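Engineer: Just a sequence and a predicted model for now, questions to come.
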There are 4 protein chains.
Amino acid sequence: MLGAVRHLTFPEVDSTAAQIGAGKRRGEPDRARAATLRERFDAVRRATLALAAPLSPEDQQVQSMPDASPVKWHLAHTTWFFEEFVLSRALPRRPRFHPRFAYLFNSYYEAVGPRHERPRRGLLTRPSLAEVHAYRAHVDAGVGEWLDAGRCGGGELDVLELGLHHEQQHQELVLTDVKHALFQNPLRPAWRADLPGPSGAAAGPLRFEALPGGLVEVGDGGAGFAFDNERPRHRAFLEPFALAARPVSNGEVAEFVAEGGYRRPELWLSDGFAAVKARGWEAPLYWEPDGGGFAEFTLAGTRPLDLDAPAAHLSFFEADAVARFLGARLPTEEEWEAAASGAEVAGNLAEAGRYHPCAAASADGPGQLFGDVWEWTRSAYAPYPGFAPAPGALGEYNGKFMVSQLVLRGGSAFTPASHLRPTYRNFFYPDARWQLAGLRVAKDLR
Amino acid sequence: MLGAVRHLTFPEVDSTAAQIGAGKRRGEPDRARAATLRERFDAVRRATLALAAPLSPEDQQVQSMPDASPVKWHLAHTTWFFEEFVLSRALPRRPRFHPRFAYLFNSYYEAVGPRHERPRRGLLTRPSLAEVHAYRAHVDAGVGEWLDAGRCGGGELDVLELGLHHEQQHQELVLTDVKHALFQNPLRPAWRADLPGPSGAAAGPLRFEALPGGLVEVGDGGAGFAFDNERPRHRAFLEPFALAARPVSNGEVAEFVAEGGYRRPELWLSDGFAAVKARGWEAPLYWEPDGGGFAEFTLAGTRPLDLDAPAAHLSFFEADAVARFLGARLPTEEEWEAAASGAEVAGNLAEAGRYHPCAAASADGPGQLFGDVWEWTRSAYAPYPGFAPAPGALGEYNGKFMVSQLVLRGGSAFTPASHLRPTYRNFFYPDARWQLAGLRVAKDLR
Amino acid sequence: MLGAVRHLTFPEVDSTAAQIGAGKRRGEPDRARAATLRERFDAVRRATLALAAPLSPEDQQVQSMPDASPVKWHLAHTTWFFEEFVLSRALPRRPRFHPRFAYLFNSYYEAVGPRHERPRRGLLTRPSLAEVHAYRAHVDAGVGEWLDAGRCGGGELDVLELGLHHEQQHQELVLTDVKHALFQNPLRPAWRADLPGPSGAAAGPLRFEALPGGLVEVGDGGAGFAFDNERPRHRAFLEPFALAARPVSNGEVAEFVAEGGYRRPELWLSDGFAAVKARGWEAPLYWEPDGGGFAEFTLAGTRPLDLDAPAAHLSFFEADAVARFLGARLPTEEEWEAAASGAEVAGNLAEAGRYHPCAAASADGPGQLFGDVWEWTRSAYAPYPGFAPAPGALGEYNGKFMVSQLVLRGGSAFTPASHLRPTYRNFFYPDARWQLAGLRVAKDLR
Amino acid sequence: MLGAVRHLTFPEVDSTAAQIGAGKRRGEPDRARAATLRERFDAVRRATLALAAPLSPEDQQVQSMPDASPVKWHLAHTTWFFEEFVLSRALPRRPRFHPRFAYLFNSYYEAVGPRHERPRRGLLTRPSLAEVHAYRAHVDAGVGEWLDAGRCGGGELDVLELGLHHEQQHQELVLTDVKHALFQNPLRPAWRADLPGPSGAAAGPLRFEALPGGLVEVGDGGAGFAFDNERPRHRAFLEPFALAARPVSNGEVAEFVAEGGYRRPELWLSDGFAAVKARGWEAPLYWEPDGGGFAEFTLAGTRPLDLDAPAAHLSFFEADAVARFLGARLPTEEEWEAAASGAEVAGNLAEAGRYHPCAAASADGPGQLFGDVWEWTRSAYAPYPGFAPAPGALGEYNGKFMVSQLVLRGGSAFTPASHLRPTYRNFFYPDARWQLAGLRVAKDLR
């Protein structure tokens, strides 16, 4: 017997700081780390603005669906995150930029207070884009001064670092959301018409790499930054399996389409086939018939479909069906992580400036694990054994979403390299198609 | 016996011109009329831009609900109307501004071709506002040159005149739609903060004017412009009735609210009470609790509710219930027109620059018939006896909407005076609240 | 000036009786009328049970859509009407059959109290059909005893007579609702397989009868029973017009279908064409492709489509489009009534035992005005000039539905002859198709 | 490298038999097993009818929501399963009972052909209940003769055994669905008013049992019947944990309600709290306010809430929130199975005749693992490592549902004991409340 239940009251909102990440205690200033983060802060904030720069105020205004947000909202929300969780706690007397912005730009933190409804973000024509830029400048100045003063505790810097990763997540969302918004326009306008085209590499036949299984360790156990959902590091047992050496290509998905894949229920999960019928899916999102084949909408406008490039903008349902069509299955997230552990985080990531998946020359071992497309796994997004969310509002960051979504791994051509780790867990609902998501297949070996 | 049915094929799209209005035949140029219309064209086009001028590109981008359209879309659509129905027919070799604008900015003319879905107008971030301005300039120049050349037939000028009235209808919609859009923002921003406040006049007690009934003539029979739905002029028989001397005031509606009007089914039509419950109506649109009373959102932002001003932003359902609460009923459109025939079209219309209803000093006879608020009648919008829509696409202008809507009369503070007539028939669905619509009550006299 | 508004409180629920119909005052017993009504009461109540008799308890249980009700519910609701409005007022000490039946079987009388939600009527498996039969017997006995005692006032008998017409309305609904319910079953079962087939008459070419117009009287002004919505009798002015000598036939609608009628927007009201697309309409309800032509589901099961019979199960939208296809229009209800005034109420009505429209030999003047199919008019259902609903709960009978519906005239093969008058106004929403409704076309004569 | 991808065509519908279960090959008759199964077949089929016996034909007709099915449909569908997968394959010349029943009573087997839409099952008033009984008798006779003849192959008997477990699953659904249907009736009628009341035992304080974790085996590896989703048996690694000694009680959930649990977002998953708000949840399904406390709808009608009994009719969302409220979490399915392995399948199961959860005297170790309520786990329903669905239509039995649902363990008071195993995996969507599902909490031990 372990003892009677304690009727715990749930942790109150912690108005001081969330103890996320591995850092010093709140009260101990850490000048060196503050200086490093100051540089990183400037770089990340600039990078966000650079993504928005090719867009008009109108482009940054619209919300194409409830799942997406306006670019302007992303610019403001990421700023609010620093104002709310860093500045207002570190310098509580510093006035906020606007008394109502917490209401307008809080995304989902119930503990912080009420907020504007998500599906109505696109209706906020005020503040204007210019005012949002001023808001960014105001908060940037505050954070900069605070960091320069150097009296920042470790816990506070942890939250700042979380804010930077948070902003990098939104950089990817800026791209997925603006791509979706531009696609709603029959003129099919480009975000940037000057992006490079296909790599010219050939996909080559689909090879598999055998992996031994056994007791493995997964999850983050290091001293650097990781999200709470990557922790704690723990053991898992795997049967032997094989993993494809590259993501599934557009050519393979085109074959799936050509062989009636979207009309064959035996290839689909039941919910997946219901989605196919209810939404009229006939090809991946952004594919449009073009002569006998397909063209594809990209951030550079509509282009011919590159059959060698990794297929993208697939829902989990489609990824699962394509895997079955190929006589394979999706890997679990533990299988994926076991195969990727030790691999260098490098590939066609945001820094490559392509902003679109492309074929790579084949190499030994599983290739293209990082970048190009997020890879759907068959693992439901769930807490790791021993997972405990942080106390306070930041405990809402990840934990409350741990149901009904699936884990994706590996980052995409929209993901900054400095944001990624082999243990990184992305997650979306199984019908989501507007993310830069594809698949890599696996097989059982017994 | 009249003869066997002729299996008529339906009139084909008339690519030359619609024979709307009373004008000369198409081939006969009419220089004087062209010159008059040139002036009016310039004035109407300028007036539209003036309404949009206080708004940012972002303000002009959004669509707050499927019934409303973005201001930018209104600017482009009214331009397309002239390009499609005037320029491209009068000067068929003149190139169109953009090959896809007919797709983007056709509202509902099935005969002209396919078009962008109405509820998705707010997603068109391209063309930009600047490009839409260029579009307007391009078409304005073309129309101007054509009118100056003076070789315009009467039928062509009829269509041009229709286009001007069409644009004036959209001027009113610009105001109703932008008001609705700004109201979605919790900051409650203003279109123009400098609008004048209440008139200071008192509503006074609600008096009724007795009218004799009998055989009356309604509908337009003159030589000037009128919409097809106002024709033909015809006879109708009316019983004696009484009509209130002014519209119902905010004070009277506030009493309706205070006495539980929104919770008393006996005051409502069945569909109306279902709407009240389904949508949670507790007061007219734009009323917000303020202390013990109400404030009201206006184009100048939120202001205290002026109890003397005519009540506005009521659905037909609410207008009908308020009338019943007052021991009265809504008039029919024939009753309204009989009472208004011969009255001067003057009042608190757009030219007054108030852009909000206001109280007026009481006068002999029914007052405030024109301006302030559109007045709901109990008449369903239906074809007049002998009504025939114009051949061709312009036959879709009015006729195809003649079911399930109710007629409103008299214009509002958003309506240009030059756009109105005593025979003018406006029409909306019974649940529409975003129009500047109120009511005037009537009573039976037998 | 007529006088200031009186802030009338709305009439309270009148717990004594509604003054509907032209009868003696409440307190004066009328033995002769009581005896006549006793006979009629027995006949009407028996007729309802006869309609339900071919159906199993399961058939009488289901509700195929929110607009329809289970047969068992109709049996109980009509009984509740007598219990609530006749028995419980005439004999207030007599115990009710069950304390909760008022909750279960009140249809829409807000003044009587809360009630079971309409779309959930099909879930009431208890009371069982046997219990509902017992309920009917209990109330029938009470009414019978009361009538036999002969101390019934005129107002009370008026309500009883209203209850009989109410029950006859539900007899028609029993048939329309059970037809719809049986059609949901892929086995296409019959209500009664023994119904007679086509009449064998030929529809003949579509002739029109010219009518002069002028000032006419419409509405009920007699001493016999009529619904409040038929009153008061009043004058209306009509232009000369022509009315078809018979309803539109299945053959004519089949031609409409064959010539692409359901795909040609120019034939439709805008709301109508939206309904066509949203619901995938390709033919009238109950038509099913059969070889190159159509079969039709009837109360006797599926049968070949009789091209000569009047077309049925058309919505107003379809009726309006078919009329336009035929180069004609729908008549107004005043036109219809002017043409029908003085005509004998005879035709293919319920007593004929066909329960399906059939062709008739052509005659002089407009034929088949009564029976076969309800004929859609273009008139919105609205109060007649001077209309005032009865005080009390029975005032909800008709008046509160006077918006957004269209008037139909003439009765159908499901309507009892004793229930019909030339002034009778039926009404449904423009998209309703499950009623036995068709059309007769009209034309302007100037 | 493992080899190039083989473009497998997906397994065709196997018209002979599905190789489910561990049995002999198809061609080898197994007389002894046939005789055993004959007895079991009769017993299971009788048990289903016994559950339906207290219900009228009307009660067995209705479908209260798309997730539920009419009792009559369950009776027919389970029969079709034997006709389709056993009889028509073993005795292909034997005529089917009705040519359309495969269409009406196929639930979701795409490979078998098209079928009646699930949400419209309640509209099938034909076949009548009597005809469905005849259908059952017809198929029972066929199966009986075939088993008696004794020429049944092992594979065929495997499918028969699957059919028996399938029917037992539907026995539980008959009870959950009829409970839901009866609850829709404001009269709150009983299935059987004669069911026993509370056990009188006290729930006692919530104790936890510590379990060591490590490498465990889960899944079925035996020779007896198990569903494909329980296979293959495989290893999993568990951290040490503690499991509550009994399910959470009504008293504990009542405390959750009293302390505002349904209004505190910090206790809920994000999707869960959205469901609470959207559906207005304020207590478990079937709880109704009663004085200061709650009454509970049961299959015996409404009864006072037994605070000592295990809480039931909770969604996963509620179970998860209640666990958090108690300072605990839900176990994983592997943890549950590890704790239950070796335990005897005994408890308050269907055979107990209570048909409602009840408190049990506390015992050593985790108690009440079987029966009372299905226990939600935090494990998403997913394929076990190495899982492969059966070829043919029966491969659709379980595998295609492996997304977006959560696993439940342990059976309920509606589950037959002979249907249950410690490895049994039940699964439902996280918002499902009409199942007899509750929870048992767990805790981390490190």
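Structural biologist: Thanks, I have the structure now. These numbers come from a predicted model, not from an experiment.
Engineer: Stretch A:90-107: end-to-end distance?
Structural biologist: Using C-alpha to C-alpha, to the nearest Å, the end-to-end distance of stretch A:90-107 comes out at 21 Å.
Engineer: That stretch near chain B anywhere?
Structural biologist: Yes. Stretch A:90-107 lies within reach of chain B by C-beta under 8 Å from any C-beta of the partner chain, at A:100, A:103-104. Every residue, glycine included, has its C-beta placed from N, CA and C.
Engineer: most surrounded residue in the residues you listed?
Structural biologist: Neighbour tally across the residues of stretch A:90-107 next to chain B (other C-beta atoms under 10 Å in any protein chain shown): the maximum, 20 neighbours, falls on A:Leu104.
Engineer: Next up, the contacts around that one.
Structural biologist: For A:Leu104, the contact set (C-beta atoms under 8 Å, 6 or more residues apart in numbering or on different chains) comprises A:76, A:115-116, A:124, A:127, B:186-187.
Engineer: Go through those residues and name the one nearest D:Glu259.
Structural biologist: Nearest to D:Glu259 among the contacts of A:Leu104: A:Arg115, at 24.8 Å, using C-beta to C-beta.
Engineer: Who are the contact partners of the residue of the stretch 301-446 of chain A found nearest chain C?
Structural biologist: With C-beta to the nearest C-beta as the measure, A:Asp431 is the residue of the stretch 301-446 of chain A nearest to chain C, at 23.0 Å. A:Asp431 sits next to A:275, A:315-317 when contact means C-beta under 8 Å, 6+ apart.
Engineer: how much space is there between A:Arg94 and A:Val139?
Structural biologist: Separation of A:Arg94 from A:Val139 (C-beta to C-beta, to the nearest Å) stands at 10 Å.
Engineer: Which parts of chain A are helices?
Structural biologist: Ranges of helices in chain A, per DSSP state H, are A:31-52, A:71-82, A:88-90, A:101-105, A:129-149, A:154-183, A:250-258, A:270-279, A:316-325, A:333-340.
Engineer: Using JSON lines, please lay out these together with mean pLDDT.
Structural biologist: Output for these, formatted as JSON lines (pLDDT from 0 to 100):
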{"stretch": "helix A:31-52", "mean pLDDT": "97"}
{"stretch": "helix A:71-82", "mean pLDDT": "98"}
{"stretch": "helix A:88-90", "mean pLDDT": "94"}
{"stretch": "helix A:101-105", "mean pLDDT": "97"}
{"stretch": "helix A:129-149", "mean pLDDT": "97"}
{"stretch": "helix A:154-183", "mean pLDDT": "97"}
{"stretch": "helix A:250-258", "mean pLDDT": "98"}
{"stretch": "helix A:270-279", "mean pLDDT": "98"}
{"stretch": "helix A:316-325", "mean pLDDT": "98"}
{"stretch": "helix A:333-340", "mean pLDDT": "97"}
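Engineer: looking at those, which is closest to A:Ala309?
Structural biologist: Of the helices of chain A, nearest to A:Ala309 by C-beta to C-beta is helix A:250-258, at 5.5 Å.
Engineer: Just to check, A:Ala346 is in contact with A:Phe370?
Structural biologist: Yes. Using C-beta atoms under 8 Å, A:Ala346 is in contact with A:Phe370, at 6.2 Å.
Engineer: quick one on the thing from earlier: which residues are in contact with each of A:Arg94 and A:Val139?
Structural biologist: Residues within reach of A:Arg94 and of A:Val139 at once, by C-beta under 8 Å, 6+ apart, are A:Leu87.
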